[in-house]
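> the following block contains a protein sequence and its predicted model.
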Amino acid sequence: MNRIDYYHVKDAPQAQKIIPAVSAVIQNDQHILLQQRSDNGKWSLPGGNMDIGESILEAIKREVKEETGLECNIDRITGVYSDPNHIIAYDDGEVRQQFSICFAGEAVAGELRKSDESFHIAWVPINELDDYDIQPAQKARIEDALKDCKSAFIR
């Protein structure tokens, strides 16, 4: 299913719902784990929707494993993102307002592999992030996670 992210676009469609989602900045030395999404072609952090019956921590660990093949330890929340001007429209007609909690952690086991949700998975050098087509809301999450701060950001 394809999607379009509208980030501060004046004529974006009206959101119909908000669904809890998670993302994670998984860091390995001076690299960040990114996937090139198959639904919009952009590079993104691993993440997705929280399922009924799981905790938010279980959701992010599951999403990272499903999308990258890696198991991770999560050590902090880096931000809560609920910008009403970030609208996501899917080709099945669903339109939602972004609501996502972003975490930070490290990979501890597994082998890097892509899922059907991605074209590529890569450890991207932090100093090369500007060379990748990353949606602005994802860039904000990465920037917030890289700040030397012990508290989470709320945007």
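Now that the structure is in, tell me what you want to look at. Numbers count the residues shown, from 1 in each chain.
> dump the residue contacts of the nearest residue to I4 once chain neighbours are set aside.
Closest residue to I4 in three dimensions, ignoring its sequence neighbours and counting by Cβ to Cβ, 6 or more residues apart in numbering: A89, at 4.9 Å. Where you see a C-beta, it was placed from the backbone N, CA and C, and this is true even at glycine. A89 makes contact with R3, I4, Y6, A12, P13, V95, according to Cβ atoms under 8 Å, 6 or more residues apart in numbering.
> go again using 7 Å as the cut-off
With contacts defined as Cβ atoms under 7 Å, 6 or more residues apart in numbering, the neighbours of A89 are R3, I4, Y6, P13, V95.
> confirm the third one sits in a strand?
If I follow you right, that is Y6. Yes: counting by DSSP: H, G, I helix; E, B strand; the rest coil, Y6 falls inside a strand.
> what number of residues lie near it?
17 (other Cβ atoms under 10 Å).
> show me what it is bridged to.
The partner list for Y6 in beta bridges (DSSP bridges) reads I87.
> show the contacting residues for it.
Contacts of Y6 (Cβ under 7 Å, 6+ apart): A12, I87, A89.
> quick one on the thing from earlier: so how far is D5 from the residue nearest to I4?
8 Å (Cβ to Cβ, to the nearest Å).
> check R37 too.
With the distance defined as Cβ to Cβ, R37 ends up 10 Å from D5.
> next secondary structure after the helix or strand hosting the residue nearest to I4?
Assigned by DSSP states H and E, A89 falls within strand 86-90. Sequence-wise, the next helix or strand downstream of strand 86-90 (DSSP H and E) is strand 95-97.
> off-centre distance for that next one?
16 Å (Cα atoms, centre = their mean, to the nearest Å).
> who touches the helix or strand that comes right after that strand?
Using DSSP H and E, the next helix or strand after strand 95-97 towards the C-terminus is strand 100-110. Strand 100-110 has contacts (Cβ under 7 Å, 6+ apart) with 21-28, 33, 47, 56, 60, 65, 69-81, 141, 145.
> so which of those residues are in helices?
I56, I60, K65, R141, A145 (DSSP state H).
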